[in-house]
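Asks: My questions are about this predicted structure, shown below with the sequence.
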Amino acid sequence: MNATGLNQGTSGNISVRFGDQMLITPSGIDYNKLRPEMMVLMPLNAVEPDPDQMKPSSEWQFHRDILNAKPQVEAVVHAHPVNCTALAMNRQEIPACHYMVAAFGGSNVPLAEYALFGTRELSEKVVTALKDRSACLMANHGAVVVGDTLQSAMWRMTELETLAKGYVTSLSIGQPVLLSTDEIEEVKLAFADYGLRTL
């Protein structure tokens, strides 16, 4: 993610479903030094990390809870892209300013309420925001996306940051004209014809 500019340093994390477990990136490891054997395997019913393994990402709880809440999801990606994070710092969701908003399941990309990173409270707020969406911003934090494959989740994170950049730019020259709910629903139907699933 760092190579694409979607993330910086050791922030951000990725998980994938592995049967009734998940593989998740470890805590505090530079992405340039990350190796497959460093991925942490955790049961989806885990209440605490295994002390005999590498320490999982501090956000393991919301990865676990998203995978449990959304059985169709196979991968979760969390990052701090610049434009997504700028909107999150202002506690702004992304409205229907562009038809690609529909790629995330509805007429907006919602904002999860603020909670301290790595907490159960944050997990609950993220899961709530993702109830009928495949992406959300996280207040004063970053963004989360899901996918039915890791590739689709990474695609969504790239699209989300592109959308956020366009929205931030549009705000600098005025107020964008928003699409109606009916127009977004029309886009979703068109996406289905192209084989694009909105989860």
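Replies: Now that the structure is in, tell me what you want to look at.

Asks: Could you report the distance from residue 124 to residue 18?
Replies: Taking CB to CB, to the nearest Å as the measure, residue 124 falls 24 Å from residue 18. From N, CA and C alone the C-beta is placed, and that goes for glycine too.

Asks: Oops, could you answer that again for residue 99 instead?
Replies: Taken as CB to CB, the span from residue 99 to residue 18 is 35 Å.

Asks: what does residue 187 give?
Replies: From residue 187 to residue 18 the distance is 33 Å (CB to CB).

Asks: what about those two, which has more around it?
Replies: For residue 187 versus residue 18, neighbours defined as other CB atoms under 10 Å are more numerous around residue 187 (21 against 16).

Asks: I'd assumed residue 102 was in contact with the more buried one.
Replies: Yes - between residue 187 and residue 102 a contact is recorded at 4.0 Å, counting by CB atoms under 8 Å.

Asks: ranges for the strands of this protein?
Replies: Per DSSP state E, the chain carries strands over the ranges 13-18, 21-24, 40-43, 75-79, 111-112, 135-138, 142-147.

Asks: Count the neighbours of residue 24 for me.
Replies: By other CB under 10 Å, the burial measure for residue 24, its neighbour count, is 25.

Asks: Kindly provide the distance from the residue most central in space within the chain to residue 160.
Replies: For the chain, residue 144 is the residue whose C-alpha lies nearest the centre (CA atoms, centre = their mean; 1.6 Å). According to CB to CB, residue 144 stands 9 Å off from residue 160.

Asks: list the residues that contact both of the two?
Replies: residue 135 (CB atoms under 8 Å, 6 or more residues apart in numbering).

Asks: Run through who's touching stretch 85-101.
Replies: 102, 107-111, 114, 137-143, 159, 162-164, 166-168, 170, 176-181, 183-184, 187.

Asks: and what of stretch 181-196?
Replies: Counting by CB under 8 Å, 6+ apart, residues outside stretch 181-196 touching it are 96, 99, 101, 102, 103, 106, 107, 179, 197, 198.

Asks: one step back: mind checking the strands of the chain for the one nearest to residue 30?
Replies: Closest approach to residue 30 among those (CB to CB): strand 13-18, 13.0 Å.

Asks: Having no further points to raise, I will conclude here.
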